[in-house]
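# Sequence first, predicted coordinates after that:
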Amino acid sequence: MMRYSLRKDANQAAIVEGLRAVGATIKVLHVPGDLLVGYQERNYLLEVKRQKTRGRKTMSTPEQLKFQREWRGQYAIVYTLVEALEVIGARAKW
């Protein structure tokens, strides 16, 4: 059985807020990704990661890497709201 960390990355709230601002609906998940996003009749599975200090980004867990290898649907890792908007094909409204 796979185990996943339930800790949210600090930037997740800002990404959720920004996605909602462009009209997306969000379901916060914990497995296998962080966010299920509905936008313009399409669904997107996003894994939110945060950038660490000194430019290093957080790494995927072994369970996340396994999921990434095996999943045949859409799945994206995002670090910023801009990246999340690009994945769903939206533009910021600010």
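Arrived safely, thanks for sending.
# Tell me the bridge partners for the closest residue to residue 28 other than its chain neighbours.
Distances taken as Cβ to Cβ, 6 or more residues apart in numbering put residue 35 closest to residue 28, at 6.2 Å, once the chain neighbours are dropped. The C-beta positions use only the backbone N, C-alpha and C, and glycine is treated the same way. Residue 35 has these beta-bridge partners by DSSP bridges: residue 28, residue 46.
# what about residue 35, neighbour count?
Using other Cβ atoms under 10 Å, residue 35 is surrounded by 21 other residues.
# pretty sure it contacts residue 43?
No. Using Cβ atoms under 8 Å, residue 35 is not in contact with residue 43; the gap is 10.6 Å.
# Would you mind listing the residues touching both of these two?
The contact sets of residue 35 and residue 43 do not overlap (Cβ atoms under 8 Å, 6 or more residues apart in numbering).
# so where is the chain shaky, pLDDT-wise?
Counting by pLDDT under 70, the chain shows low-confidence ranges at 1-9, 52-57, 93-94.
# quick one: the helices in it?
12-21, 62-70, 81-88 (DSSP state H).
# List the buried residues of the longest one.
The reference is to helix 12-21. For helix 12-21, burial by neighbour count (16 or more other Cβ atoms under 10 Å) applies to 12, 15, 16, 18, 19.
# What helices and strands are in contact with it?
Packing partners of helix 12-21 (3 or more Cβ pairs under 8 Å, 6 or more residues apart in numbering; DSSP states H and E): strand 25-28, strand 35-39, strand 42-48, helix 81-88.
# likewise the shortest one?
Using 3+ Cβ pairs under 8 Å, 6+ apart as the contact criterion, the neighbours of helix 81-88 among helices and strands are helix 12-21, strand 35-39, strand 42-48, strand 76-78.
# circling back to that earlier point, can I get the helices and strands packed on helix 12-21 in TSV with distance to residue 73?
Below are the helices and strands packed on helix 12-21 laid out as TSV (distance: least, Cβ to Cβ, whole Å):
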stretch	distance to residue 73
strand 25-28	15
strand 35-39	11
strand 42-48	7
helix 81-88	13
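# can you redo the helices and strands packed on helix 81-88 as TSV with distance to residue 29?
Output for these, formatted as TSV (distance: least, Cβ to Cβ, whole Å):
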stretch	distance to residue 29
helix 12-21	11
strand 35-39	6
strand 42-48	8
strand 76-78	14
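# Cool, thanks, signing off.
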